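build the 3D model from these lines:
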Amino acid sequence: MAALQFSLGKTDIDSKARVGLIQTDHGTIATPIFMPVGTAGSVKAVSQQQLRESVQAQIILGNTYHLYLRPGVSVLERAGGLHQFIGWDRPILTDSGGYQVFSLSGTRKINEEGVTFQSHIDGSRHLFSPESVMDIQRSIGADIIMAFDECPPGDCDYQYAKQSLELTHRWLDRCFKRFEETDARYGYTQNLFPIVQGASFKDLRKQSCDHSIAKDATGYAIGGVSVGEPEAVLYDICGWCCEHLPAQKPRYLMGVGTPWNILECISLGIDMFDCVMPTRNGRNAMLFTSEGVVNIDNKKWETDFSPLDTGIDSPISEYYSRAYLHHLIKSKEFLGYTIASIHNLAFYRWLVTEARRRIIAGDFTPWKKEMIIKLQQRC
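Below you'll find the model as predicted:
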């Protein structure tokens, strides 16, 4: 077993964009990377075989909150961890459940001990503490696990953000203590990432970066963005955090976002991304393509027999026509949701892979500027 290793490669001459390699016990991840979200041990409408072959995913996510409630820790332990349970032999990252708890604002109570919340499944009450969240993630067995934090709303005032950050830092200390007191369960190394918080206040973000860096972790996450703040604030905070986090460690921006968000944040120095948008939007008839956003539900595609997107290297995007996917979505056929989801995930994979290639080639910045204009167009 070996702790996560990050080797930094070339950095773009006109921006902070960079390439790297993350080595885990379940394999190597080339950055920048987009990670499909498998909330409850499944990327919605997409099988693990399709993730490997059609999407070419290098790493996927699991959600601590959902996996804890169902199938439950005991089932995952008996299975030998999440990798064995779902049949996935590549890296997995789990979040801490903090964002889901944030989303349950009407049914949760936060105090020093942790967060008491009601299950969305049956209304039963549960407590997430820094210690219990570490124990749960040990049982899930992801390669990269997240510290338990409070995610404040994007429009919170300074006093709330300050108190929230102080609580998050106390919880972070307890997370690392518990993590260091316990062992990985399944014969491979787990890596704990702190989460930088502080809402939109730069002095708080700097404090959070400093507190996180003191843990000498193998990587760092930036949380509390994409929670309702304007895009300009997202980029400002992301760039500020990248300036203060170690260059020799991977930087993970949680829950972001659109293709143009991802390109902008790559240029600021982010290495890792995740978001439910590719699959969620795909199931709702929205396709991301190299020429812009397509609403495949629109009648204009009814007799368009061209491929979904010939601009990316994806067999599924070249094989199925827009007319056929339009028909499937209109007919509410499950296959339509699967094709749309795979296409969008393959597009995101192509986008970060092409960004990596452009950084290495030395023309990332002009390519990014051109692509962002294209990506935001409505086709």
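
quick one, domains of this protein?
5-275, 282-375 (automatic domain parsing).

what about the longest helix in this protein?
Longest helix in the chain by number of residues (criterion: DSSP state H): helix 334-361.

how much does the following helix or strand past it deviate in direction from helix 334-361?
With elements assigned by DSSP states H and E, the helix or strand that comes after helix 334-361 is helix 364-375. Per axes from the mean of the first three to the mean of the last three CA atoms, to 10 degrees, the angle that helix 364-375 makes with helix 334-361 is 150 degrees.

buried sites along helix 364-375?
Under the neighbour-count criterion of 16 or more other CB atoms under 10 Å, helix 364-375 has 364, 365, 367, 368, 371, 372, 375 buried. The way it works is simple: take the backbone N, C-alpha and C, and place the C-beta from them, glycine included.

for the fourth one, what are its contacts?
It refers to residue 368. 15, 17, 263, 264, 266, 267, 355, 358 (CB atoms under 8 Å, 6 or more residues apart in numbering).

any idea how far it is from residue 312?
16 Å (CB to CB, to the nearest Å).

same check on residue 290?
6 Å.

tell me which of the two has more neighbours.
Comparing residue 290 with residue 312 by other CB atoms under 10 Å, the one with more neighbours is residue 312, at 20 against 17.

and the domains of the chain as JSON lines, adding mean pLDDT?
What follows is the domains of the chain, written out as JSON lines (pLDDT from 0 to 100):
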{"stretch": "domain 5-275", "mean pLDDT": "95"}
{"stretch": "domain 282-375", "mean pLDDT": "97"}
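
spit out the residues that contact residue 290 and residue 312 alike.
347, 350.

in the protein, which residue sits furthest out from the middle?
residue 303 (35.8 Å; CA atoms, centre = their mean).

ok, now which ones touch it?
By CB under 8 Å, 6+ apart, the neighbours of residue 303 are residue 323.

how about residue 256: what's its closest non-neighbour residue?
Among residues not flanking residue 256 along the chain, residue 226 sits closest, at 4.9 Å (CB to CB, 6 or more residues apart in numbering).

so the one you found versus residue 39, what's the distance?
Residue 226 is 16 Å from residue 39, by CB to CB.

so for those two, which residue has more residues nearby?
residue 226 (20 against 17).

does the more buried one sit in a helix, a strand or a coil?
coil (DSSP: H, G, I helix; E, B strand; the rest coil).

from what I see, it and residue 265 are in contact.
No. In this structure, residue 226 is not within contact of residue 265 by CB atoms under 8 Å, at 10.2 Å.

can you pull the contacts of the residue most central in space within the chain?
Residue closest to the average C-alpha location in the chain (CA atoms, centre = their mean): residue 274, at 2.0 Å. Counting by CB under 8 Å, 6+ apart, residue 274 touches 34, 35, 36, 37, 61, 93, 252, 254, 255.

now, among those, which is nearest to residue 192?
residue 93 (11.3 Å; CB to CB).

I'd like the next helix or strand past whichever strand or helix holds the closest one.
According to DSSP H and E, residue 93 maps onto strand 92-95. Heading C-terminal from strand 92-95, the first helix or strand you meet, by DSSP H and E, is helix 98-103.

from the contact counts, what lies against the helix or strand that comes right after that following helix?
Sequence order places strand 108-110 as the next helix or strand after helix 98-103, per DSSP H and E. If you count contacts as 3 or more CB pairs under 8 Å, 6 or more residues apart in numbering; DSSP states H and E, strand 108-110 packs onto strand 115-118.

now with 10 Å, please.
Applying 3 or more CB pairs under 10 Å, 6 or more residues apart in numbering; DSSP states H and E, one finds that strand 108-110 makes contact with helix 98-103, strand 115-118, strand 125-128.

just to check, residue 32 is in contact with residue 360?
No. With contacts counted by CB atoms under 10 Å, residue 32 stays clear of residue 360, the gap being 11.6 Å.

mutual contacts of those two, please.
residue 19 (CB atoms under 10 Å, 6 or more residues apart in numbering).

check which residues of stretch 74-89 are buried.
76, 77, 81, 82, 83, 85, 86, 88.

for that stretch, what is the distance to the chain centroid?
Here the centre of stretch 74-89 is set off from its chain's centre by 21 Å, with CA atoms, centre = their mean, to the nearest Å.
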